[in-house]
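[1] requesting a structural model of the entry that follows:
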Amino acid sequence: MKTLIIIGGFFGLGFFIFHIFFWQLFEWKKDLKSLTSINRGVMQVLNSCLMICFLIFSYVSIFHVDELLTTSLGSTILFGIGSLWFLRAIMQPLFFGLNNSISIAFFITFLFGAGIYFVPLFY
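    Prediction:
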């Protein structure tokens, strides 16, 4: 189970890196100009805060595995991280559909992320 949680840490780091590139990938410098200044700010602040969450989840998953597996606080954190990925998987078809291979791949990836944290929790 320890290895699975450490894999989860690197999974989160991967998403942290992915989110760093959102400004370029989605041409936010150009596209966000069409939003009001408040909505433009909200988009960028939420992405930045999510990146911080991914870093925290990764750090805890890589360097505090024993605590995650043996304490009630650890179980709560495992449940929280697993729930984040599960809910993100549910949101994929709701907001992006499942009508192309990229969307399906993200849906499966997010379910995998949920499993990384739910399996040790319920095992």
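[2] if you count neighbours, what's buried in the top helix by length along the chain?
    Using DSSP state H, we find that the single longest helix of the chain is helix 37-63. For helix 37-63, the neighbour count (16 or more other C-beta atoms under 10 Å) marks 43, 51, 53-54, 57-58, 60-62 as buried. Where C-beta positions appear, they are placed from N, C-alpha and C, glycine not excepted.
[3] what angle do the host helix or strand of Ile90 and helix 37-63 make?
    Assigned by DSSP states H and E, Ile90 belongs to helix 72-96. Computed with axes from the mean of the first three to the mean of the last three C-alpha atoms, to 10 degrees, the direction of helix 72-96 lies at 140 degrees from that of helix 37-63.
[4] tell me the angle the helix or strand that helix 72-96 is followed by makes with helix 37-63.
    Remark: after helix 72-96, the chain's next helix or strand is helix 101-122, criterion DSSP H and E. For helix 101-122 against helix 37-63, the angle by the same axes, to 10 degrees is 50 degrees.
[5] same question for helix 101-122: list its buried residues.
    Quick answer for helix 101-122 (16+ other C-beta under 10 Å): 106-107, 109-111, 113-118, 120-121.
[6] contacting residues for the nearest residue to Ser75 once chain neighbours are set aside?
    Leaving aside its chain neighbours, Ser75 sits nearest to Leu121 (6.1 Å; criterion: C-beta to C-beta, 6 or more residues apart in numbering). If you count contacts by C-beta atoms under 8 Å, 6 or more residues apart in numbering, Leu121 has them with 75, 78-79, 82.
[7] and those as JSON lines, adding neighbour count and distance to Gly12?
    Formatted as JSON lines, these follow (neighbours: other C-beta atoms under 10 Å; distance: C-beta to C-beta, whole Å):
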{"residue": "Ser75", "neighbour count": "15", "distance to Gly12": "18"}
{"residue": "Leu78", "neighbour count": "24", "distance to Gly12": "13"}
{"residue": "Phe79", "neighbour count": "14", "distance to Gly12": "15"}
{"residue": "Gly82", "neighbour count": "21", "distance to Gly12": "12"}
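[8] with that, I have no additional questions.
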